[in-house]
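Student: dropping a prediction and its sequence here:
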Amino acid sequence: MAVRAVSIPFPPRPRRVPVSPLLTLPAPNAAKVELRFAPLDDRDDFGRAWQFQSLKSQIPGIFQIDLNSLGLPDGTYEYDFVVSASPAQVIADPFAEELEKFGGYRSVFHIENGIRVAHEFDWSDELSNGVPLPNNNQMVVYEMPVRWMSQTEENRQVDIGTFERTVFEHLDDLHDLGINAIELLPIEDSADTIDWGYGTRFFFAPDWDMGTPIDLKFLVKCCHQYGIRVILDVVMNHSRKCPLETLADNWYYLAPGSTEEDGNGVHREDYGGRLFKYARPVDGGQYAAREFHYRMAEFWIREYRVDGFRIDEFKGINNWDFLQGFRQHAWAEHDRLFSDRPFIVIAEDSWRRPEITRDDAYHEAPLVDSMWNFDFRDEIRRLLDNALTTNLGEPSRSDRIYSMISAQKVWNDMSRSYRSEGFDDLRKTVNYITSHDVEKKLEERLMNFHLSEILAWMGKTPGQGQTQAAFIKSIVDNIASQPADVQAAHAQALERIGSSFALMLTSVGVPMFLAGEEFADIHDLDNTDWHLKMSDPVDWSRLEILGHKTLRNRVRELIRLRTQHPALQRNEVNFFYWHPSIDQNDGVRVFAYCRSGGQDLGKSGQAVV
């Protein structure tokens, strides 16, 4: 992708506005807490310039200090806390909104005219060009790991993307592609550098490796200027190295190995972190972990103007009260500040429960607005791979195809039957064929998925000791010098990927795809290794491989159709042709349907597929 001059303004010059002077720290086991701080300009005397002030505790376990009462000279100060223990512990602020890293992580505060201030960001031109943000039924979502948004071709598995690079190297191309929503893999600060960040450390601060708060706000503003919504992927099942783990373990977290969360012995996966406690209140009846994440949601809406959240691994959290409360708090803050804008809360639920999106799901309200549709991914890949088969007494192939496209019923391949619930509106299902979860068989990138099948049919398979990913890479990256039959197989795979996008973008649901799929990127590393799959960024140079730019243009046209055609933003779908052999397990997979827009077939303003 070429770097081009775009109509993006330079980042604004920061101004200062007064903010709350209170620093608050939960530390129920501490007898004393001190604020340790020093002017940031005194780094040349680091470790010897610390000043100390004691925090007061009027509520048991909660310590506070008013920065405006300290009479500090103007400047920027770095700070952390010294908590009485044996020995005393130096701990960063778990509510840090801006991070510094020097001999450890700590936060900063700014003093001007004796009071605490913060950067004021100029949002005034955010929507000044008159381009509206798309409603939920109009979205085409681009799943973006920011760490992959780098165009560096050398040391690709080491280099990481940043907010700044995303703006200046990719945003114009993404706007040209036509996507109108970006789902950012976790950008709250984590202990990961190369990995995706699914182990959050600081829940109120952008990842230090990706950029500053101003950088991220600038990214969000530039997206909004292009009519692109920004959805944050948030991890609330667990944290990793969060200061709360040391400060207030029993308030916020389950004991390691505990099953107290649900009381029925169901194991919760901690992914190497600590599991948040949602089901049982702490002393005084407060649900500390719930309130922490409600506050987190409100913060990102208020400070960064995000347009929604994607909740990672609700199966692990599995607390309906908390999830419903999270949605309600997020929507309330959004409606308070931006009631004229669309908003959405999406869940990943690997237990695949469409019922959580129903208007009467729990206490006569939904838990979430939408959810990732794992079953769509699996079912469409079975169809594409000619593995969508039925047994005697089961629903026919045509019925399963209809159900997949219409979202009215959802197939459970384990039980070989439909789930009890489907989706009653397209906004409630996020349909995708590929996401960042590419580890398991039949989850890989589309070029790997399709080309592997075609080559295997031709009798071409990996050599001894060669991974499937390395085999496909050796072919795709050298396709111009491959034999004619292999080039033809590659061309056929590109056609299949185009058809995959055509099905996804005309099905009833919110379409989503992983960064790089639009031009048939492939795996450079072994995607079946969960470590390696996260450090395998997009290779943007593959856009120039024979046929890949043509695919991108085809995807671009399909996205334009999806975002501009009113019938594709409604629920109606009518199938009017099936090949006579479609219901045979080896039958011809040819069918036709109409997104009718609620009108009789044959009327104008319809889309025929």
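Tutor: Now that the structure is in, tell me what you want to look at. Residues are numbered from 1 along each chain as shown.
Student: can we go C-alpha only for contacts and neighbour counts from here?
Tutor: Will do.
Student: my read: Gln408 touches Leu426, true?
Tutor: No. Applying C-alpha atoms under 8 Å, one finds Gln408 not in contact with Leu426, separated by 9.4 Å.
Student: with neighbour numbers in mind, choose between those two.
Tutor: The neighbour comparison of Gln408 against Leu426 (other C-alpha atoms under 10 Å) goes to Leu426, with 25 against 16.
Student: would you mark the buried spots in the lengthiest helix in the chain?
Tutor: Longest among the helix segments of the chain by residue count, using DSSP state H, is helix 484-506. Neighbour-count burial for helix 484-506, counted by 16 or more other C-alpha atoms under 10 Å, picks out 486-487, 489-491, 493-494, 496-498, 500-506.
Student: got the contact list for the most far-flung residue of the chain relative to its centre?
Tutor: In the chain, the residue that sits farthest from the middle, by C-alpha atoms, centre = their mean, is Gly71; the gap is 42.5 Å. Shown in contact with Gly71 (C-alpha atoms under 8 Å, 6 or more residues apart in numbering): Gly114.
Student: look at Met458 and say how many residues are nearby.
Tutor: So Met458, with other C-alpha under 10 Å, has 12 neighbours.
Student: one more: the one 10 residues further on?
Tutor: Neighbouring residues of Gln468 were enumerated by other C-alpha under 10 Å; the total is 19.
Student: quickly note the distance from the nearest residue to it once chain neighbours are set aside to Ser474.
Tutor: Excluding the flanking residues, the one nearest Gln468 by C-alpha to C-alpha, 6 or more residues apart in numbering is Pro462, at 6.0 Å. Counting by C-alpha to C-alpha, to the nearest Å, the separation of Pro462 from Ser474 is 10 Å.
Student: cool, Asp521 as well?
Tutor: For Asp521, the distance to Ser474 - C-alpha to C-alpha - is 13 Å.
Student: packing partners of the lowest-mean-pLDDT helix or strand in the chain?
Tutor: Ranked by mean pLDDT, DSSP states H and E, the weakest helix or strand in the chain is strand 15-18, scoring a mean of 84. The contact analysis (3 or more C-alpha pairs under 8 Å, 6 or more residues apart in numbering; DSSP states H and E) places strand 15-18 against strand 115-120.
Student: next helix or strand past the strand it packs on?
Tutor: Using DSSP states H and E, the helix or strand that directly follows strand 115-120 along the chain is strand 141-144.
Student: give me the mean pLDDT for stretch 513-521.
Tutor: On average, the pLDDT along stretch 513-521 is 98.
Student: now that stretch, how far from the chain's geometric center?
Tutor: 16 Å (C-alpha atoms, centre = their mean, to the nearest Å).
Student: likewise for stretch 390-409?
Tutor: 30 Å.
Student: could you do stretch 338-346 as well?
Tutor: 16 Å.
Student: contact partners of it?
Tutor: 133-136, 307-311, 327, 331, 334, 368-372.
Student: mind checking which of the residues you listed land in strands?
Tutor: Gly308, Phe309, Arg310, Ile311, Ser370, Met371, Trp372 (DSSP state E).
Student: coming back round to it: more neighbours: Asp521 and Ser474, which one.
Tutor: Per other C-alpha under 10 Å, whichever of Asp521 and Ser474 has more neighbours is Asp521, with 24 against 13.
Student: isn't the more buried one right up against Arg445?
Tutor: Yes. Proximity of Asp521 to Arg445 meets the contact threshold set by C-alpha under 8 Å, at 7.4 Å.
Student: can you pull out the strands in the stretch 151-300 of the chain?
Tutor: 181-184, 188-190, 200-206, 229-235, 238-239, 274-275 (DSSP state E, counting those that start in this stretch).
Student: what's the last one packed up against?
Tutor: In terms of contacts (3+ C-alpha pairs under 8 Å, 6+ apart), strand 274-275 is packed against strand 238-239.
Student: direction included, what does the strand it packs on pair up with?
Tutor: Here strand 238-239 has these sheet partners by DSSP bridges: strand 274-275 (antiparallel).
Student: give me the mean pLDDT for the partner strand.
Tutor: Mean predicted confidence for strand 274-275 is 95.
Student: chain center to that strand: distance?
Tutor: The answer for strand 274-275 is 20 Å, by C-alpha atoms, centre = their mean.
Student: on that earlier part again, can you list the strands of the stretch 151-300 of the chain in JSON lines and add mean neighbour count and distance to Gln482?
Tutor: Below are the strands of the stretch 151-300 of the chain laid out as JSON lines (neighbours: other C-alpha atoms under 10 Å; distance: least, C-alpha to C-alpha, whole Å):
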{"stretch": "strand 181-184", "mean neighbour count": "23", "distance to Gln482": "36"}
{"stretch": "strand 188-190", "mean neighbour count": "25", "distance to Gln482": "43"}
{"stretch": "strand 200-206", "mean neighbour count": "25", "distance to Gln482": "45"}
{"stretch": "strand 229-235", "mean neighbour count": "25", "distance to Gln482": "40"}
{"stretch": "strand 238-239", "mean neighbour count": "26", "distance to Gln482": "47"}
{"stretch": "strand 274-275", "mean neighbour count": "25", "distance to Gln482": "50"}
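Student: for Gln584, which of those is the nearest?
Tutor: The closest of these to Gln584 is strand 181-184. By C-alpha to C-alpha, the value is 38.9 Å.
Student: now the helices for the protein?
Tutor: 163-165, 171-177, 213-225, 244-247, 249-252, 288-304, 314-317, 320-338, 374-384, 397-406, 446-457, 468-476, 484-506, 548-564.
Student: any stretches of the stretch 251-400 of the chain with poor pLDDT?
Tutor: 259-265 (pLDDT under 70).
Student: swap the cut-off to 80 and go again
Tutor: 257-267, 283-284 (pLDDT under 80).
Student: again, but for the stretch 501-609 of the chain
Tutor: Looking at the stretch 501-609 of the chain by pLDDT under 80, you get an empty list.
Student: now do the strands in it.
Tutor: 510-514, 574-578, 591-595, 607-608.
Student: winner for burial among those strands?
Tutor: strand 510-514 (a mean of 25; mean count of other C-alpha atoms under 10 Å).
Student: how much space separates Gly130 from Gln225?
Tutor: 8 Å.
Student: of those two, who's got more company?
Tutor: Using other C-alpha under 10 Å as the criterion, Gly130 and Gln225 rank with Gln225 on top: 21 against 10.
Student: got a list of what the more buried one touches?
Tutor: Counting by C-alpha under 8 Å, 6+ apart, Gln225 touches Asp125, Glu126, Leu127, Ser128, Asn129, Val131.
Student: hmm, Cys222 and the second one touching each other?
Tutor: Yes. Between Glu126 and Cys222 there is a contact at 7.3 Å, judged by C-alpha under 8 Å.
Student: before we move on, back to that, which phi and psi values does the residue farthest from the centre of the chain adopt?
Tutor: phi 60, psi 40 (degrees, to the nearest 10).
Student: residues touching stretch 568-585, excluding its own?
Tutor: Contacts of stretch 568-585 (C-alpha under 8 Å, 6+ apart): 137-138, 388-390, 396-398, 402, 405-406, 425-426, 506-508, 562-563, 587-598, 607.
Student: okay then, goodbye and thanks.
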